[in-house]
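Undergrad: Okay, sequence plus prediction incoming.
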Amino acid sequence: AIKDGALDGKAISWKIGDFTCRGRVEDKGRTISDLKVTMTRSGVLFGIFDGLRLFDPSCWTRHPSYDLKGRADVEQMDARDLDAVKRRVEKMGYAGFSLWKGQAYIKGAGRKPFTPQDLDYGGDENP
């Protein structure tokens, strides 16, 4: 089990069983560089790795008829290829996107993660 985790600026550390892991978060949270894994008690270096966050469908939720209504828009792109929109959001570390009339309005990450309570109802005619 992971325990004693900490994130300080770009430095990240945590413990897994008898191992201590330390590294740097880069690429807007998508990668961990110079991840050093050591034995907690002996201090023996076990390995140095780079990690990449893989996104999957469980990272996404749908909120039909809801939006941040003009707030947090940082980019706009054609919405014909939703997988491309999702890849852009993931790559740049953005919070998500809203769809309107064939366009994806990409939402930037705020100071805190957005929650469903932050969303505004757009009406039944706004899918």
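TA: Received it, and whenever you're ready, just let me know what you need.
Undergrad: So which helix or strand of the chain has the lowest pLDDT on average?
TA: strand 2-8 (a mean of 71; mean pLDDT, DSSP states H and E).
Undergrad: ok and the helix or strand that that one is followed by relative to strand 2-8, angle-wise?
TA: Sequence-wise, the next helix or strand downstream of strand 2-8 (DSSP states H and E) is strand 11-16. Angle of strand 11-16 versus strand 2-8, following axes from the mean of the first three to the mean of the last three Cα atoms, to 10 degrees, is 180 degrees.
Undergrad: Could you tell me how many residues sit around the nearest residue to residue 69 once chain neighbours are set aside?
TA: Nearest non-adjacent residue to residue 69, counting by Cβ to Cβ, 6 or more residues apart in numbering: residue 120, 4.3 Å away. For every residue, glycine as well, the C-beta is placed using N, CA and C. When neighbours are defined as other Cβ atoms under 10 Å, residue 120 has 11 of them.
Undergrad: circling back: for the least confident helix or strand of the chain, name the packing helices and strands.
TA: With contacts taken as 3 or more Cβ pairs under 8 Å, 6 or more residues apart in numbering; DSSP states H and E, strand 2-8 sits against strand 11-16.
Undergrad: and residue 23, how many neighbours?
TA: For residue 23, using other Cβ under 10 Å, the count is 21.
Undergrad: Which of the three states applies to it?
TA: The local conformation at residue 23, judged by DSSP: H, G, I helix; E, B strand; the rest coil, is strand.
Undergrad: what pairs with the least confident helix or strand of the chain, and is each one parallel or antiparallel?
TA: When pairs are called by DSSP bridges, strand 2-8 turns out to pair with strand 11-16 (antiparallel).
Undergrad: How many residues are close by the closest residue to residue 11 other than its chain neighbours?
TA: Leaving aside its chain neighbours, residue 11 sits nearest to residue 24 (6.2 Å; criterion: Cβ to Cβ, 6+ apart). A total of 14 residues lie near residue 24 under the criterion other Cβ under 10 Å.
Undergrad: ok, now which ones touch residue 22?
TA: Listed by Cβ atoms under 8 Å, 6 or more residues apart in numbering, the contact set of residue 22 reads 11, 12, 13, 35, 36.
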